[in-house]
Each structure stands twice: as C-alpha cells, then as structure tokens.
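Asker: Whatever this is, show me its structure:
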Amino acid sequence: MYSTLFKSTTIPVLQQAIAFNQARHVVLAGNIANMDTPGYLVRDLSVEDFQHQLKEMIERRHSPQESVSAAVVRNSLAGTTGGNKAEEVREPKTILHHDKSNVGVEYQVTEMVKNQMQHNMALTIMNNQLRLLETAISERL
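Answerer: Below is the predicted model of the structure:
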C-alpha cells in the first residue's frame with residue numbers, strides 16, 4: 001500500500017536527483033582539491049546525460065504499459081549515480097595551464113554552488129512531499 005503511495009509522488013525522481021547531486025559534489029570537490037596537482041585534468045559527471053536518463057525514466061513512469069518501481073529507477077540511473085563514473089571534461093571552460101592542468105577554481109566553485117542549490121531544492125521538495133503524505137495518512141486535511 002505505501003509503496004504504491006510513494007510511486008505516485010515525485011519522491012523516486014527526487015531521490016535520484018539528490019543522489020546525482022551528492023556524487024557530483026564529491027567529483028567537483030576533488031577537482032578543487034587537486035587544483036595544484038601538475039597535469040590534473042578536470043573531471044565531472046555529465047549533467048546532460050543524467051537529465052536525459054531522468055527524462056526517459058519519467059516518461060516510462062507515466063506510460064500506462066509499464067510500472068516503474070524504485071528498484072527500476074535505481075537501475076536505470078546506476079551508470080550515472082551509482083558508479084560515480086566521472087570522466088575528464090572534453091572541453092573545459094577554463095584555461096589550460098603550463099603544467100597541462102586545467103582546473104579553474106572560480107568555475108569549479110560556481111559549479112559546486114549550482115549543484116548545492118539543486119540539491120537543496122530537491123530536498124525541500126521531497127520534504128514537502130513527505131509532509132503532504134504524512135498529513136494525508138493522518139487524515140488532518
């Protein structure tokens with residue numbers, strides 16, 4: 001009963017967004033930590049790939065033919081969030097330094113702040129969803 005109730009909300013989608021933001025935060029922090037490492041190349045998780053996979057998952061979820069469980073949601077995005085497959089950024093938006101490193105601290109911090117804001121927004125929405133469910137279950141509407 002409760003699993004059906006959770007599936008009808010955006011909680012599974014928000015859970016995946018939060019997991020992705022947490023994994024990306026670790027990668028971005030690693031870029032900053034290795035800023036002075038000679039030859040270090042910036043790594044990142046592909047936001048575009050994650051958004052594409054999330055869109056496909058949402059479309060499958062709303063199709064009448066297929067019911068998507070939380071396990072299917074986790075499996076569909078496991079390549080992005082579960083494996084932490086950070087790749088070198090193909091065209092970094094920073095300059096290439098004389099030691100072949102390409103970490104731009106300003107850009108990395110900006111990306112971390114944007115990532116943190118997305119994480120906080122997803123947590124806030126999830127918290128509101130859970131409060132609504134709690135209210136509905138306790139019949140205080």
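Asker: these two touch, right, Leu133 and Ser8?
Answerer: No. Using CB atoms under 8 Å, Leu133 makes no contact with Ser8, being 9.7 Å away. Every residue, glycine included, has its C-beta placed from N, CA and C.
Asker: Identify each buried residue in the longest helix along the chain, please.
Answerer: Identified as the longest helix of the chain according to DSSP state H is helix 105-138. Neighbour-count burial for helix 105-138 flags 107-108, 111-112, 115, 118-119, 122, 125-126, 133 (criterion: 16 or more other CB atoms under 10 Å).
Asker: now swap in stretch 30-41 and tell me
Answerer: For stretch 30-41, the neighbour count (16+ other CB under 10 Å) marks 30-31, 34, 40-41 as buried.
Asker: can you give me the helices in the protein?
Answerer: Using DSSP H, the helices assigned to the chain run over residues 2-7, 11-33, 47-62, 70-76, 105-138.
Asker: JSON lines for those, including mean pLDDT and distance to Glu87?
Answerer: Formatted as JSON lines, these follow (pLDDT from 0 to 100; distance: least, CB to CB, whole Å):
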{"stretch": "helix 2-7", "mean pLDDT": "64", "distance to Glu87": "32"}
{"stretch": "helix 11-33", "mean pLDDT": "93", "distance to Glu87": "10"}
{"stretch": "helix 47-62", "mean pLDDT": "86", "distance to Glu87": "10"}
{"stretch": "helix 70-76", "mean pLDDT": "45", "distance to Glu87": "19"}
{"stretch": "helix 105-138", "mean pLDDT": "90", "distance to Glu87": "15"}
